[in-house]
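Enquirer: 3D model of this:
(2 chains)
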Amino acid sequence: MNAEPQAIAEDTMPAFSSEPTLEVIGVSITYGSDAGGLKAVRDVSFRIAPGEAYGLIGESGSGKSSLAYAVLRHVPAGRVTGRIMLRGQDVMEMSPQALAAARGRIVSMVYQDPMSALNPAIKVGEQIAEVVRRHRKADRKAAWARAVTLLGQVQLPHPDEIAHRYPHQLSGGQQQRVVIAMGLACDPDLLVMDEPTTGLDVTTEAVILDLVNDLRRALGVAVLFISHNMGVVAQVCDRVGVLYAGQLVEEGSTAQVLRAPRHPYTIGLMNALPTINRAQARLADIPGRLPDLRQVPEACVFAPRCASVQKGCTTAIPALETVGPGHRTRCFERDRIVRAMAPPAEAEAVAEEATGKPLLQIVGVERSFGRMPRLNLPFLRQRRPVRAVDDVTLDIPRGRTLAVVGESGSGKSTLARCVAGLLPPNAGDILLEDSVIRPMVQNRTRPEQRAIQFIFQNPDAALNPHWTVEAIVGRPLKLHGLAHWSADLRARVVELLDAVKLGQRYLDRYPHQLSGGEKQRVSIARAFAAEPRLVICDEPTSALDISVQAAILNQLRDLQERHGTSYLFISHDLGVVRHIAHRVAIMRHGRIVESGTPAEVFGAPQHPYTQALIAAIPTLERKRRGAEPDTTRIMA
Amino acid sequence: MALALPFPALQRRLGVGDFACIGFLLLMIILIAFGTQIAPRDPLAFDPMHSLEAPSAAFPFGTDEFGRDLFSRVIAGTQPTLLVALAAAALGVLFGTATGLVAGYLGGAVDETIMRVMDTLMSFPGLILAMLVVVMLGPAPMNVVAAIGLVFWPRSARLVRSVVLDLATREFIDSARSRGESRLFILTRELLPNVLMIIVVDFSLRVTSAILLSASLAYLGIGVTPPTPAWGLMVRDGQQFIELAWWLPVFPSLAIAVVSVGTVLVGERLRRSIAMPGGDRAR
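Expert: Alright, predicted model coming up:
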C-alpha cells in the first residue's frame, strides 16, 4: 500500500533544472468593482512540471474554475493580478496572436459537459480536424487523417468510422473522449481538465480516468486537473492543491495530502467522504458556510468553521508553511493538527436486519416510455418503447431505508416516481401497509397522500421561487389540516425548521437567498411537515458539496431515528448508500439485478454488474489496470 | 405573507432611465385623466375665423378646417386612444394567460384543442380580424376593445403556454402534485406567480401594438366616429389637407409615434429589471 505513492512520486519527480510547464505566481482574481469586488481567488501560487498531473480540489465557490479559466486567459486580464507563466511566457501579457497560438499548442482545455463543448451540427472528425487546420496549416486530408489518429489515441473503437458521426450519435463517455482528442490535437504541453468526469457514470468515469493516465504516460502531457472529487483526483494526479474560499490551504503529493492531510479543512473533507469500506455512525460534516468573498477578513479563512480554531487564527492570515518534503499547509496549528487526525471510529451503525411487515411493497411494477406508433407514417422513424422499469418487486421495511442504486438510465428515478404516484405504472401494484393504493397521486386518499412524501434531487428546482420558506414548509401543514391557527402554524414551521438546523430567521427568505444545502434542508422540512411514513429521496445530495452532503445525510438519519420514517433512497453513489441504507437493491436496465443488506451487497457482490460498479469507484488508493499499459496501441 | 412580491428585483437602485420611464408614465396618466381639462381650448369648439391656421404661439400645432385647436385635440385625444389600447391589451393578456396556463399545464387533448383554436385565430392577420369584429359588432369603443383583445388572445396564450410547459417540468410542481394539491391550486398559486412577470412585460408590449392597431382602425374610419379626437381619425381627416396644412396629419402621427415608442421603451426597461436574481438562471 505504501510502495505505490512512492513509485508515482519517482516517475514524475519534477526535475528542478527544467522550466515548469505552468507556473502560477501570486495570482488573485477579483470579479466586479475593485472596492466591493468578489475576491474569487487570492494569492495562489503553484507550479506544474512537464508531464506532471496536478490536481486542484475544492468545493463550489473555492475559485478552482476561475483559476482554470485564467490559465487560458478566458478571464479578462484586468481581473487577474499576479503572473501565470506558460513555458516561461506570461499569459496575461501575450499579444492576441501569441495567445491564439498558445491556446491549443501550449495549453488546451477539456470542459465538464462534453455535450455543450461539441457542436451538435458538425461531425466530430471535422471538429477535431478544424483545430488541426487552424494551428498547423495542414490541408484538409492531412487534418482529417490526424483527427482519425487522435480518435484512435483516445481509444475509441473504429476511429475512421466514429469520425463521421455527429455528437448525438455518441455516448457521454465517447463524447468526452472526443473532447479530449480535440484538446490533444496540437500536442499541447498542458491539458486543463475542469471536472472532466463529473457528468459521467461511475463505470464510464473509471475508463476516462484510465485513459487520462495512459495518455500522460504515452504523450508526456502535463495535466491541471480540477475536481471536487478526491477519489478521482487520487486516480490521476501526482500532486494536489486544496483550495478553500479562493486560497490554497494545502499542497503536497497526492499521498501526503489525501493520506496524511495537515489542514483542518482537508481533514474535514476526508471525514465527510462516505466510502463503501466502512459504515460510519455519523459522517463528520463541516459546519457553517463559505465566508463572504467580498469582505475577506484578515484572518484564516477557515477559522469560522474550524474545529481546532485558536485565538490567533482570527487575527492574522497564516502562511503556507512546509510540513514535509513538498508538503505545505496554511494553518497555525499544523503541528497539532497532524495528531488530531485520528481514523474515525469504525462502527457498523445501521442495524441491518429489518423485522416485521414491510411498510410499502412494490409488486411487479412496469413502466415503459414511448408508445408503439399507431400509423405507419413515412419519414418517421419507428421507435420501440423503452422499458424503464421492468417487473420490479421490492419491499420497504418499516422505519428503515431501502436504497436503489443504479447508473443513469437504469430506471431508478422512474421507479421512485411510480411509487410517488407522479407517473402511472403500466402494470403492477403498490401496497401501502398491505392495501393497494391508486397509481396516480391525485386519486389517492388524503392519508395516503400524507403518508408518502418526496425529496427531490435538484434543490434549485424543488422550491417555488416565489414562495417564502414559511409558505413552503407551512403548506403541507395547512393542506393536511395539521395546524389551523396562523400562530400555531408559524410555531410548527419554526419547529420543523429547527429540526433541520435552520432557525426562525429563515421564515421570510426566498429560495434564491439560500445556499444549495439550505434549500435541500427546506425540502426536507417540507417533506417531514406532513408527518409521512415513507419519504422518497431521489438523489437528495448529488447536487451538493461533500461537506454539505455529509450534513444532509446525518440529518436524514436523525429524522429517521426520531420519527421512525421509512426511506426509499435513490442514488448513484455507492458510498452514500453504504452510509444510509439498511437494504440495497442494484438496478440496471430497469431490472433489479441484486439486492440484500449492505454487508452482503458490498462485501460479497454476486452479480457481475455489482462487482463492476464497486470496482469502478474512484477510491483514495490508486487503481492500476492489469499489466503495464499497452503504449503501442495508444500511439496507433 | 404567503406569496412573494412578484418582482424582488425591483428593489435595486433606480437610474436616470428609470426616472424618465416613471415620468413618461405619470405624464400619460395625467393626460388620460385630465386631458380635456388641461387642453388650453375646447377640442370640439368650431372657430371659423381661425380655420387652417399654421402653428403659432396661440395655436402651437395649428388649427384644422373647422378652426379647432389641434394642440388641444391631440391632448384630448390621449384618453380615447390610450384607454382603448390599455383595456384591449389587458383583455387579451387576461384571456391569454388563463388559456395558456390551462393548456400548458393540463397538456394532452385539452392543450391540443385549445391551441388549435388559438392557431385558427392567429391565422387571420390582426388588423383584418379586428376590422371584421368591429364591423360586425358596430362602432363603439367597447367593441374596438373586444376586437383587439381577440387579436391578442392567441398570441398571449402561446407565450404563457410556452413558459408554463417549461415550469411544469420543474420539481416544485411535482412536489405540489405529490402532496395532493388540486389543479386549481397548482395553476393559481404555484404557476401563476412564476409567469406573472412575463405577463406584465407582455402586457406593456401589447399596449404598444394596441395603440397602433386602434389608431389603424380609427384611420380606416372603423370603430370611432367623428368628432371624437382619436389620433388615428385625426390623421385620416387631416391627410386630405396635407398640401394646404401639413400640420394636420403630422402632429397626431407624431403623437402616435411618441407614445408607442415610449411604451416600448418602458416595457423593455421593465423586462430587463424584473429578471429574477439568481432564480431563473440556476436550474
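
Enquirer: for stretch A:196-209, give me every contacting residue.
Expert: With contact meaning C-beta atoms under 8 Å, 6 or more residues apart in numbering or on different chains, stretch A:196-209 is reached by A:110-114, A:171-173, A:176-177, A:179-180, A:212, A:225, A:227-229, A:232, A:235-236, A:407-408, A:572, A:574, A:612-613, A:615-618, A:623. Any C-beta I mention is one placed from the backbone N, CA and C, and that applies to glycine too.

Enquirer: for chain B, see how far away residue A:443 is.
Expert: From residue A:443 across to chain B, the span is 10 Å (C-beta to the nearest C-beta, to the nearest Å).

Enquirer: any idea how far that residue lies from residue A:421?
Expert: 8 Å (C-beta to C-beta, to the nearest Å).

Enquirer: and the two? Which one has more around it.
Expert: Taking neighbours as other C-beta atoms under 10 Å in any protein chain shown, residue A:443 and residue A:421 compare with residue A:421 leading, 24 against 13.

Enquirer: list the contacts of the more buried one.
Expert: Contact analysis of residue A:421 by C-beta under 8 Å, 6+ apart lists A:437, A:438, A:439, A:440, A:441, A:442, A:443, A:444, A:452, B:178.

Enquirer: keep only those of those residues that are in strands.
Expert: Assigned to strands by DSSP state E, the following of the contacts of residue A:421 qualify: A:437, A:452.

Enquirer: which among the contacts of residue A:421 end up buried?
Expert: Neighbour counting by 16 or more other C-beta atoms under 10 Å in any protein chain shown classes A:437, A:439, A:441, A:444, A:452, B:178 among the contacts of residue A:421 as buried.

Enquirer: just the buried subset of the contacts of stretch A:196-209, please.
Expert: So, by 16+ other C-beta under 10 Å, the buried ones in the contacts of stretch A:196-209 are A:110-114, A:172-173, A:176-177, A:179-180, A:212, A:225, A:227-229, A:232, A:235-236, A:407, A:572, A:574, A:613, A:616-618, A:623.

Enquirer: okay, and which of those map to strands?
Expert: Counting by DSSP E, the part of the buried ones among the contacts of stretch A:196-209 found in strands is A:110, A:225, A:227.

Enquirer: need the buried ones among the contacts of residue A:421 in TSV (columns: pLDDT and distance to residue A:505).
Expert: As requested, these are exported to TSV (pLDDT from 0 to 100; distance: C-beta to C-beta, whole Å):
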residue	pLDDT	distance to residue A:505
A:437	91	39
A:439	90	41
A:441	90	33
A:444	91	36
A:452	93	31
B:178	88	28
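
Enquirer: just the closest of those to residue A:400, please.
Expert: residue A:452 (15.5 Å; C-beta to C-beta).

Enquirer: wait, isn't residue A:362 in contact with residue A:430?
Expert: Yes: using C-beta atoms under 8 Å, residue A:362 is in contact with residue A:430, at 5.9 Å.

Enquirer: who touches both of those two?
Expert: In contact with both residue A:362 and residue A:430: A:418, A:419, using C-beta under 8 Å, 6+ apart.

Enquirer: is the helix or strand containing residue B:113 positioned near chain A?
Expert: In the assignment (DSSP states H and E), residue B:113 maps to helix B:108-122. No: against chain A, helix B:108-122 shows no contacts by C-beta under 8 Å from any C-beta of the partner chain, the least distance being 13.1 Å.

Enquirer: name the surrounding residues that touch that helix.
Expert: B:99, B:102-104, B:129, B:150-151, B:153-155, B:157-158, B:161.

Enquirer: how about the contacts made by the nearest residue to residue A:246 once chain neighbours are set aside?
Expert: Nearest residue to residue A:246 in three dimensions, chain neighbours excluded: residue A:63, at 4.0 Å (C-beta to C-beta, 6 or more residues apart in numbering or on different chains). Contacts here follow C-beta under 8 Å, 6+ apart; on that basis residue A:63 touches A:29, A:40, A:41, A:42, A:44, A:243, A:245, A:246.

Enquirer: next to chain B, which bits of chain A? Give me the list.
Expert: A:417, A:420-422, A:441-442, A:444, A:446, A:449-450, A:452-454, A:456-458, A:460-468, A:470-471, A:474-476, A:479-480, A:508, A:510-512, A:523, A:526, A:530.

Enquirer: okay, and which of those map to helices?
Expert: Those of the residues of chain A next to chain B mapping onto helices are A:417, A:420, A:446, A:449-450, A:460-462, A:470-471, A:474-476, A:479, A:523, A:526, per DSSP state H.

Enquirer: pull out the buried members of the residues of chain A next to chain B.
Expert: Buried members of the residues of chain A next to chain B, scored by 16+ other C-beta under 10 Å, are A:417, A:420-422, A:441, A:444, A:449-450, A:452-454, A:456-458, A:460-468, A:470-471, A:474-476, A:479-480, A:510-512, A:523, A:526, A:530.

Enquirer: keeping just the C-alphas, turn stretch B:80-87 into CSV.
Expert: Only the C-alpha atoms of stretch B:80-87 are listed here, as CSV (Å, rounded to 0.1, in the frame of the first residue of the first chain):
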residue,chain,number,x,y,z
PRO,B,80,-59.8,57.8,-26.2
THR,B,81,-56.6,56.4,-27.8
LEU,B,82,-54.9,55.1,-24.7
LEU,B,83,-57.9,53.9,-22.8
VAL,B,84,-58.9,51.6,-25.6
ALA,B,85,-55.3,50.4,-26.0
LEU,B,86,-54.9,49.6,-22.3
ALA,B,87,-58.3,47.9,-22.0
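
Enquirer: now for residue A:443 and residue A:421: what residues contact both?
Expert: Residues touching both residue A:443 and residue A:421 (C-beta under 8 Å, 6+ apart): there are none.

Enquirer: which residues of the stretch 251-400 of chain A score low on pLDDT?
Expert: Applying pLDDT under 70 to the stretch 251-400 of chain A flags the ranges A:278-281, A:338-356, A:371-384.

Enquirer: tell me where it has helices.
Expert: Counting by DSSP state H, counting those that start in this stretch, the stretch 251-400 of chain A has helices at residues A:254-259, A:264-272, A:334-340.

Enquirer: can you list the residues that contact the second one?
Expert: So that's helix A:264-272. By C-beta under 8 Å, 6+ apart, the residues outside helix A:264-272 that reach it are A:57, A:59, A:230, A:242, A:244, A:249-250, A:257-258, A:261, A:283-286, A:302, A:305-308, A:329, A:331, A:333, A:337, A:340-341, A:344, A:546-547, A:549-550.

Enquirer: ok, of those, which come out buried?
Expert: Judged by 16+ other C-beta under 10 Å, buried ones among the contacts of helix A:264-272: A:57, A:59, A:230, A:242, A:244, A:249-250, A:257-258, A:261, A:283-286, A:302, A:305-306, A:329, A:331, A:333, A:337, A:546-547, A:549-550.
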